[in-house]
Structures are given as C-alpha cells and as structure tokens.
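Participant: No letters, just coordinates:
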C-alpha cells in the first residue's frame, strides 16, 4: 500500500480477536502501517463502532483505562473525518446511487472525502470500485 487508505471498523476489531490468529495478525499489520506511514485514516464512525463492540461484545470487554489508551495511541491519531453535513450528503448520494446500506455508505463517503484510493474492509465486495475508491478485503489471498 503506497497510497492513502481508509480502514473500516472490522480491521480494528479483528486486531483483538484471539480466536482468528491470521486475521488478528493481518489487522495489526495494517494498523501498524497506518500509524507508521501516516497514510491510513478513519472516521469518528469507526471510533464509535469500535467502542460499541469493545465494551459490549468482546469476550473480555476492554476496561476503561485500556480503551482510553487505545483511543489516544491508535484511533485518535488515525481519525481525520468527523461526521458533518458534507459526509451525510455524500453518504446519501452513495446509498441511493450504489444501493449500499447507509452506514456502509458513510464509510465509503469518508474514504472518498479523505481522497483515499483504498478502503480496507471485510464487509464489502473486494475489488469493487466506488468512484475513486477500490475496496480491498485483506483476508482474501
């Protein structure tokens, strides 16, 4: 990955998954590269979704101090997009035009508004292109 890329929530969730070693390691590699190169980015939606899963659905939910540390060391440094009117309008445009769910459309719109060329996610069809963004499932070899 040489270009700027957007990371979906599932990558962060898999980075904590002890049951799927390959996905955990690949996710951790993506996140590390994003932090080191400053080419990776996320939106506040990703942070909100991660917090919801990490505090309610992890086998061992993250404690507040661990979540605070992860927020400050990983998620906040990668966050470049807040929900705003431009993001909502672009999300609705994608939703109606391409028939994605609204929340998937918000992720795609955030990737587009960040001028990324790659959206890294397990949730959408790999190799599919939406405007200038190509979707990549990093777990498909």
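Facilitator: Ah, there it is. Just so you know, these numbers come straight off a predicted model, no measurement behind them.

Participant: what phi and what psi does the backbone show at the nearest residue to residue 128 once chain neighbours are set aside?
Facilitator: Spatially, and ignoring its direct neighbours in sequence, residue 128 is nearest to residue 135 (4.7 Å; C-beta to C-beta, 6 or more residues apart in numbering). For every residue, glycine as well, the C-beta is placed using N, CA and C. Reported as degrees, to the nearest 10, the phi and psi values for residue 135 are phi -90, psi 140.

Participant: Tell me what residue 135 is bridged to.
Facilitator: For residue 135, the beta-bridge partners under DSSP bridges are residue 119.

Participant: OK, contacts around it?
Facilitator: 118-119, 121, 124-129 (C-beta atoms under 8 Å, 6 or more residues apart in numbering).

Participant: Try it again at 7 Å.
Facilitator: For residue 135, the contact set (C-beta atoms under 7 Å, 6 or more residues apart in numbering) comprises 119, 121, 124-128.

Participant: Filter these down to the buried ones.
Facilitator: Burial by neighbour count, 16 or more other C-beta atoms under 10 Å: within those this picks out 119, 121, 124.

Participant: any weak-confidence spans in the protein?
Facilitator: By pLDDT under 70, the weakly predicted segments of the chain are 1-2, 141.

Participant: in it, which helix has the most residues?
Facilitator: helix 21-37 (DSSP state H).

Participant: so what strands line up beside the helix or strand following that helix?
Facilitator: Next helix or strand after helix 21-37 toward the C-terminus (DSSP states H and E): strand 40-43. Strand 40-43 sits in its sheet next to strand 5-7 (parallel), strand 79-81 (parallel), going by DSSP bridges.
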